[in-house]
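**Student:** got a predicted model here, sequence first, then my questions.
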Amino acid sequence: MRSVDSLKSMNAPHVPLSILDLVSISEGMTTREAIDASMEGAQTADRLGYERLWFAEHHNTNSLASSATALLIDRAASLTERIRVGSGGIMLPNHSPLAVIEQFGTLVQFHGDRIDLGLGRAPGTDQLTAQLLARTSAEPSAFTAAVEQMRDWSREEATGELPISADVARGTEVPMWILGSTANGARLAAQLGMPFSVASHFAPFQYLHALEVYRENFNPDAESAQIEKPHTMVGVNLVVAETDEEAQRQFTTLQQMFLGVVTGQRQKIQPPRPIEEVAPEHLVSQIDQTLSIKAVGSPETVVRQLEEIVAATGADELILTAYYFDPADRLRALELLAEAWGLEGEQATPAV
């Protein structure tokens with residue numbers, strides 16, 4: 001697989017752009033205010049022409065309000081008209097397959113064919129919280145069986161062995177994605193014949209290999225298959241501002257968030273400040289390696305960086321995660337990128 005650096009001169013096609021939202025809570029902000037800001041972001045992304053808006057499931061984290069994923073999806077879909085809304089993802093070890101497919105079948109009944117069900121094997125939390133949430137084994141064979149059950153329950157004519165139906169989901173054929181960061185998750189997605197979203201935005205060390213494994217092992221003839229050829233989405237950290245310098249300044253908010261992850265001293269989302277003031281050099285290096293799949297800069301710089309990532313990975317879509325202390329900066333970033341990338345939506349009027 002070719003590296004990003006070796007392809008900088010190539011012009012990659014402008015693939016669809018999607019948004020991954022963890023409903024971040026800034027210092028001084030209430031949870032309700034964070035959810036309100038997230039919903040305003042959903043409406044902005046819908047207006048501007050982004051492809052999808054996904055919510056990631058997390059628990060026992062004071063800086064994120066994305067624990068009740070299906071409820072956030074319902075609210076965002078109710079406030080938007082076009083954009084696909086889904087999970088990025090539902091952490092299946094925390095749930096029973098029957099409950100998940102009933103929830104997402106109901107979402108399809110509410111909102112029609114705009115709902116995605118992204119599924120992951122990680123618990124999205126610490127070990128103790130995971131034990132309190134646990135419902136489905138994360139072992140590959142158990143995970144695969146659970147996905148196949150959900151796929152079967154969503155079909156018009158169920159063919160599974162269990163004498164159980166999920167009538168609210170019957171016939172919805174909820175589109176499912178498999179999420180992962182390593183070859184193991186990629187192989188499961190390939191065996192199931194489902195689209196694969198790679199978590200390169202926080203796990204960049206094996207993502208190219210994972211994409212290669214997925215494409216090489218894709219099985220369109222699997223009983224659970226819902227697509228005929230491999231389809232990939234690559235996660236990217238995003239900070240867009242009017243200038244490269246301002247974007248780099250705002251990127252320190254994300255660096256500080258991951259500093260809390262590394263040190264175990266988590267805080268709510270912090271305002272930008274020089275990362276060297278709060279972290280020693282070796283931790284800054286570790287954080288930057290973790291966040292290395294990123295696009296940070298002015299609209300022109302970010303477009304070039306995203307094109308390089310597409311060229312290096314062959315991604316069919318990109319999914320972008322963006323942390324800003326001020327929600328207004330996040331909305332402005334979505335506008336700047338939509339215009340620069342040429343999304344077919346209602347573009348904002350450039351600031352004077």
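**Tutor:** Received the coordinates, thanks.
**Student:** where are the low-confidence patches of the stretch 1-150 of the chain?
**Tutor:** 1-13, 123-134 (pLDDT under 70).
**Student:** show me where it has helices.
**Tutor:** With helices called from DSSP state H, counting those that start in this stretch, the stretch 1-150 of the chain shows them at 31-48, 69-79, 97-111, 127-133, 140-153.
**Student:** isn't G88 up against M233?
**Tutor:** No. At 9.1 Å, G88 does not count as touching M233 under the criterion of CB atoms under 8 Å. Using the backbone N, CA and C atoms, a C-beta is placed for each residue, glycine as well.
**Student:** who has more neighbours, these two?
**Tutor:** G88 (30 against 26; other CB atoms under 10 Å).
**Student:** which residues does that one contact?
**Tutor:** G88 makes contact with 20, 54-56, 118, 177, 179, 197, 319 under the criterion CB atoms under 8 Å, 6 or more residues apart in numbering.
**Student:** which strand residues bridge the nearest residue to it once chain neighbours are set aside?
**Tutor:** Spatial nearest neighbour of G88, excluding adjacent residues (CB to CB, 6 or more residues apart in numbering): W54 at 3.1 Å. Applying DSSP bridges to W54 gives these bridge partners: L20, G86.
**Student:** also I269?
**Tutor:** With DSSP bridges as the rule, I269 is bridged to S26.
**Student:** quick one, what contacts it?
**Tutor:** Applying CB under 8 Å, 6+ apart, the residues contacting I269 are 24-27, 63, 253, 257, 323-325.
**Student:** rerun at 6 Å
**Tutor:** 24, 26, 63, 325 (CB atoms under 6 Å, 6 or more residues apart in numbering).
**Student:** what's the burial count for the last one?
**Tutor:** F325: 22 surrounding residues under other CB under 10 Å.
**Student:** what ranges do the strands span in the stretch 151-300 of the chain?
**Tutor:** 176-180, 196-198, 232-240, 294-297 (DSSP state E, counting those that start in this stretch).
**Student:** need the contact partners of the third one.
**Tutor:** Outside of strand 232-240, the residues within contact range by CB under 6 Å, 6+ apart are 196-201, 211, 247, 250-251, 291, 293-296, 302, 313, 315-322, 333, 336-337.
**Student:** grab the nearest non-local neighbour of A70.
**Tutor:** Q103 (4.5 Å).
**Student:** neighbours of the closest residue to T263 other than its chain neighbours, just the number please.
**Tutor:** Closest residue to T263 apart from its sequence neighbours, by CB to CB, 6+ apart: L283 at 7.4 Å. L283 has 16 neighbours, counted by other CB under 10 Å.
**Student:** now do the same for L283: its pLDDT.
**Tutor:** Turning to L283, the model gives it a pLDDT of 95.
**Student:** repeat that for G345.
**Tutor:** G345 carries a pLDDT value of 84.
**Student:** can you pull the contacts of T253?
**Tutor:** Contacts of T253 (CB under 6 Å, 6+ apart): 272, 323, 325.
**Student:** does A189 touch V198 like I think?
**Tutor:** No. Applying CB atoms under 6 Å, one finds A189 not in contact with V198, separated by 9.3 Å.
**Student:** mean confidence for the biggest helix by length in the chain?
**Tutor:** For the chain, the helix with the greatest residue count under DSSP state H is helix 244-263. The average pLDDT within helix 244-263 is 95.
**Student:** quick check: buried residues in that helix?
**Tutor:** Of all the residues in helix 244-263, those buried under the rule 16 or more other CB atoms under 10 Å are 246-247, 250-260.
**Student:** can I get it as CSV, trimmed to CA atoms?
**Tutor:** This file holds the C-alpha atoms of helix 244-263, laid out as CSV (Å, rounded to 0.1, in the frame of the first residue of the first chain):
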residue,chain,number,x,y,z
ASP,A,244,-3.5,27.6,8.7
GLU,A,245,-2.3,29.3,11.9
GLU,A,246,-5.7,29.6,13.4
ALA,A,247,-6.5,25.9,12.6
GLN,A,248,-3.2,24.8,14.3
ARG,A,249,-4.2,26.9,17.3
GLN,A,250,-7.6,25.3,17.5
PHE,A,251,-6.1,21.8,17.0
THR,A,252,-4.6,22.1,20.5
THR,A,253,-8.1,21.6,21.8
LEU,A,254,-8.1,18.0,20.4
GLN,A,255,-4.5,17.5,21.6
GLN,A,256,-5.6,18.4,25.1
MET,A,257,-8.5,16.0,25.0
PHE,A,258,-6.2,13.1,24.0
LEU,A,259,-3.8,14.2,26.7
GLY,A,260,-6.5,13.4,29.2
VAL,A,261,-7.0,10.0,27.6
VAL,A,262,-3.3,9.2,27.8
THR,A,263,-2.9,10.4,31.4
